[in-house]
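> Provide a 3D model corresponding to the input given below.
(one chain, ligands or ions: 2)
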Amino acid sequence: MRPDVRRWLSRRTYTAASWTAADLAGAKRSRGSTVSVVLPALDEEPTVGAIVAAIHEALVRDAPLVDEVVVVDSGSADRTAAVAAAAGARVVDTATVLPAHGRVPGKGEALWKGLHATSGDLVVFVDADLVGFDPQFVVGLLGPLLTDPGIGYVKALYDRPLVTTEGIVPSGGGRVTELLARPLLNAWWPELSGFVQPLGGEYAGRRELLERVPFVSGYGVEFGLLVDLAGLAGVDALAQVDLGTRTHGHQSDAALGRMAGQILQTAIARRPGTGSPSPELLQFLRTADGVEAVSWDVAVTERPPMRTVRPAAGRGRS
Ligand SMILES: O=c1ccn([C@@H]2O[C@H](COP(=O)(O)OP(=O)(O)O)[C@@H](O)[C@H]2O)c(=O)[nH]1
Ligand SMILES: O=C(O)[C@@H](COP(=O)(O)O)O[C@H]1O[C@H](CO)[C@@H](O)[C@H](O)[C@H]1O
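Ligands and ions are numbered 1, 2, ... in the order given. Presented below is the predicted three-dimensional model:
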């Protein structure tokens, strides 16, 4: 493992249990900061209400850590907006935020318009399809931002079970992460290979940084933000926090194929112009007290065309 990645993993990996909502509410007040939570939602009626209600009860009512909860409706056909509003969220529609810029489809559009529709100095993004959401997710994401001015962006890390009709595969989730995003980051941005969940949908950042980078309109938004914010602020301004386990609604392999296509487009648009890809791939295992990085060599060699090895005329064996 690269020494810089080993140092980053040690310095910039936190656990959510290090903070309480009450402590951070005090830190927020003493800094005069404000906090917005943004949930992008497309047809999330079954899950959005419980998430909003949990945030509102624990982090608005019981501990004044969160100043606004905004659900960004990406054109839902179900009752997402009504359910979110009833649970205490302010609901905006991607069609009516920045109308002069029109409306493009995709999650990143919802996040970009959610950034515009809110005003918090710190912005927390939470998917609206989580099952078993815990408000401590938000506390954990805000912890590093409210206690270390040198940190500008925090990604969640967690175990990601894959919920299938046959049962639950404990670490089967994050399929596009494991099959595309992690190998891409390790190859072309090895300094970011310490991120355990680069595509995770829960993260938080300082508005002053978030407003200085593009938001990729579709599912490339997480990949784009990670690479662009690291380029803008430096890897040491980024951190990750262990939230335990994250369960969410899953898409089909075909849908994840389209997601992978968008992420590949995002990566290729940012590919470093020089240097060959790193041959190291870091994968992560859950341990009793955190995660363990396992380093693999994924270098490949190429055998030359056989025609250059054996005379074209002869078919004999030498
Ligand atoms: O065009 C879109 C696609 C997704 N989402 C929301 O973004 C989050 C993550 O999307 P999804 O669950 O489709 O991705 P997955 O978690 O399966 O990778 C969810 O809250 C979606 O409702 C959205 O607001 N607009
Ligand atoms: O991490 C992943 O591979 C994908 C798919 O997860 P699953 O295989 O359905 O658990 O999920 C994430 O990726 C999306 C693109 O970045 C994010 O928008 C989602 O929030 C995140 O769940």
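> All the strands of the protein, residue numbers only.
Here the chain has its strands, by DSSP state E, at 13-15, 35-41, 68-73, 90-93, 122-125, 130-131, 153-159, 162-164, 167-169, 203-206, 238-245, 247-248, 280-287, 290-297.
> Need these in TSV (columns: distance to ligand 2, mean pLDDT and mean neighbour count).
For glycine as for every other residue, the C-beta is placed from the backbone atoms N, C-alpha and C. Below are these laid out as TSV (distance: least, CB to the nearest ligand atom, whole Å; pLDDT from 0 to 100; neighbours: other CB atoms under 10 Å):
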stretch	distance to ligand 2	mean pLDDT	mean neighbour count
strand 13-15	18	98	18
strand 35-41	8	98	28
strand 68-73	13	98	26
strand 90-93	19	98	18
strand 122-125	9	98	26
strand 130-131	9	96	18
strand 153-159	10	98	24
strand 162-164	6	91	13
strand 167-169	10	91	10
strand 203-206	9	98	26
strand 238-245	12	97	22
strand 247-248	6	90	19
strand 280-287	13	96	16
strand 290-297	16	96	13
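> Select, out of those, the one closest to ligand 1.
strand 35-41 (3.4 Å; CB to the nearest ligand atom).
> Other residues contacting that closest one?
28, 48, 51-52, 55, 59, 65-74, 76, 80, 84, 89, 107, 110-111, 114-115, 117-128, 138, 142 (CB atoms under 8 Å, 6 or more residues apart in numbering).
> Just the buried ones out of these, please.
28, 48, 51-52, 55, 59, 65-74, 76, 80, 84, 89, 107, 110-111, 114-115, 117-118, 120-128, 138, 142 (16 or more other CB atoms under 10 Å).
> so what's residue 277 up against?
Contacts of residue 277 by CB under 8 Å, 6+ apart are 187-188.
> got it, and residue 246?
Applying CB under 8 Å, 6+ apart, we find residue 246 in contact with 130, 137, 156, 158-160, 173, 200, 202.
> re earlier: indicate which one of the strands of the chain is closest to residue 262.
Distance to residue 262, taken as CB to CB, is lowest for strand 35-41 among the strands of the chain, at 14.8 Å.
> Can you give the strand pairings for that closest one, parallel or anti for each?
In the sheet, strand 35-41 lines up against strand 68-73 (parallel), strand 122-125 (parallel) (DSSP bridges).
> Output those strands in a markdown table, with distance to residue 94 appended to each entry.
Formatted as a markdown table, the strands paired with strand 35-41 follow (distance: least, CB to CB, whole Å):
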| stretch | distance to residue 94 |
| --- | --- |
| strand 68-73 | 6 |
| strand 122-125 | 15 |
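> Okay, the nearest residue to residue 247 once chain neighbours are set aside and residue 89: tell me how far apart.
Ranked by CB to CB, 6 or more residues apart in numbering and with sequence neighbours excluded, the top spatial neighbour of residue 247 is residue 131, at 4.5 Å. Residue 131 is 18 Å from residue 89, where distance means CB to CB, to the nearest Å.
> and the stretch 151-300 of the chain, which residues reach ligand 2?
Selection of the stretch 151-300 of the chain residues close to ligand 2 by CB under 6 Å from any ligand atom yields 160, 162, 173-177, 199-201, 219, 222, 248, 250-251, 256, 259.
> Would you mind writing the ChimeraX command to select the buried ones in those residues?
A single ChimeraX command selects the buried members of these (16+ other CB under 10 Å):
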select :160,173,174,175,176,177,199,200,201,219,222,248,250,256,259
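> List the contacts of the residue in the stretch 151-300 of the chain that ligand 2 sits nearest to.
Using CB to the nearest ligand atom, the closest approach of the stretch 151-300 of the chain to ligand 2 is made by residue 201 at 2.4 Å. Contacts for residue 201 (CB under 8 Å, 6+ apart) come out as 125-127, 222, 248.
> one more time with 7 Å, if that's ok
125, 127, 222 (CB atoms under 7 Å, 6 or more residues apart in numbering).
> quick one on the thing from earlier: filter the residues of the stretch 151-300 of the chain next to ligand 2 down to the ones in helices?
175-176, 222, 256, 259 (DSSP state H).
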